[in-house]
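1. Got a sequence here, can you model it:
(one chain, ligands or ions: 1)
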Amino acid sequence: MTIIEQLKKLEQESIERKVPIIGPEKAKWILNKIKQHKPKTILELGTANGYSGIILASEGATLTTVDTSPHAVQEAMKNFKEFNITAHVILGDGVKYVEELAQEKIQFDMILLDFANKEYIKVLEPCLKILSKKGILIADNIDLPGCKEFKERIQVHPKLDTEIITIGNGMSYSVFK
Ligand SMILES: C[S@@+](CC[C@H](N)C(=O)[O-])C[C@H]1O[C@@H](n2cnc3c(N)ncnc32)[C@H](O)[C@@H]1O
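-> Model (predicted):
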């Protein structure tokens with residue numbers, strides 16, 4: 001059974017409880033990118049119940065994931081345990097966390113932005129400070145109005161090669177040059 005199939009129950013529960021997870025189509029797309037690039041370290045902003053985190057860590061990468069909601073963090077930890085995922089789950093503000101990491105020498109091979117859309121633009125440059133060379137930056141819900149400035153910027157950014165993926169309300173996929 002694939003990891004997407006194993007997540008069917010959590011997917012159904014999320015729909016019933018209106019937890020806004022990425023869902024199977026985007027999950028499958030991200031999983032293919034993980035298989036292609038084989039990131040060793042992944043940072044996620046916006047944990048929710050851990051659905052996407054389980055996908056991100058499913059091929060063996062070390063996952064760090066951040067959420068402002070204590071309830072989300074608790075649920076994610078429970079779900080990670082169920083799926084044997086070892087993750088650093090951080091309760092806190094994603095913007096502050098990335099700004100702090102940008103002061104250190106920490107590097108991630110992949111970053112997924114799936115949190116407050118209007119904050120994407122604030123974390124763009126700090127994320128580029130902690131992204132490895134040829135690292136991948138993926139942002140979800142890119143067609144939402146809050147992401148407008150971010151979406152425009154990543155498409156003309158001199159350090160990024162960006163593609164827009166038209167699944168649902170869109171995702172962006174940028175490779176750090
Ligand atoms: C769309 S959900 C994440 C879905 C998850 N990535 C998945 O697909 O399974 C967005 C999450 O971002 C969190 N969030 C909102 N503002 C945040 C912030 N400033 N920093 C970190 N997390 C935040 C919310 O609590 C919510 O759980």
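2. The longest strand along the chain: partners in the sheet, and parallel or antiparallel?
-> Secondary structure of the chain per DSSP state E: the longest strand is strand 131-140. The pairing partners recorded for strand 131-140 under DSSP bridges are strand 108-113 (parallel), strand 171-176 (antiparallel).
3. For this protein, just list every one of the strands.
-> Under DSSP E, the chain gives strands at 41-45, 62-67, 87-91, 108-113, 131-140, 160-165, 171-176.
4. Which one of those strands lies nearest to residue 74?
-> Among the strands of the chain, strand 87-91 comes nearest to residue 74, with 9.0 Å by CB to CB. (Glycine included, C-beta is placed from N, CA and C.)
5. Any buried residues in the closest one, and which?
-> 87, 89, 90 (16 or more other CB atoms under 10 Å).
6. Return the longest helix anywhere in the chain as CSV; C-alpha atoms alone will do.
-> Scanning the chain for the helix with the most residues, using DSSP state H, yields helix 23-37. Included here for helix 23-37 are C-alpha records, laid out as CSV according to Å, rounded to 0.1, in the frame of the first residue of the first chain:
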residue,chain,number,x,y,z
GLY,A,23,-4.9,16.3,0.1
PRO,A,24,-3.9,13.3,-2.0
GLU,A,25,-3.3,14.9,-5.4
LYS,A,26,-0.8,17.5,-4.2
ALA,A,27,0.6,14.9,-1.8
LYS,A,28,1.3,12.6,-4.7
TRP,A,29,3.0,15.4,-6.7
ILE,A,30,5.2,16.4,-3.7
LEU,A,31,6.1,12.7,-3.1
ASN,A,32,7.3,12.4,-6.6
LYS,A,33,9.5,15.5,-6.1
ILE,A,34,10.9,14.0,-2.9
LYS,A,35,11.7,10.7,-4.8
GLN,A,36,13.4,12.8,-7.5
HIS,A,37,15.5,15.2,-5.3
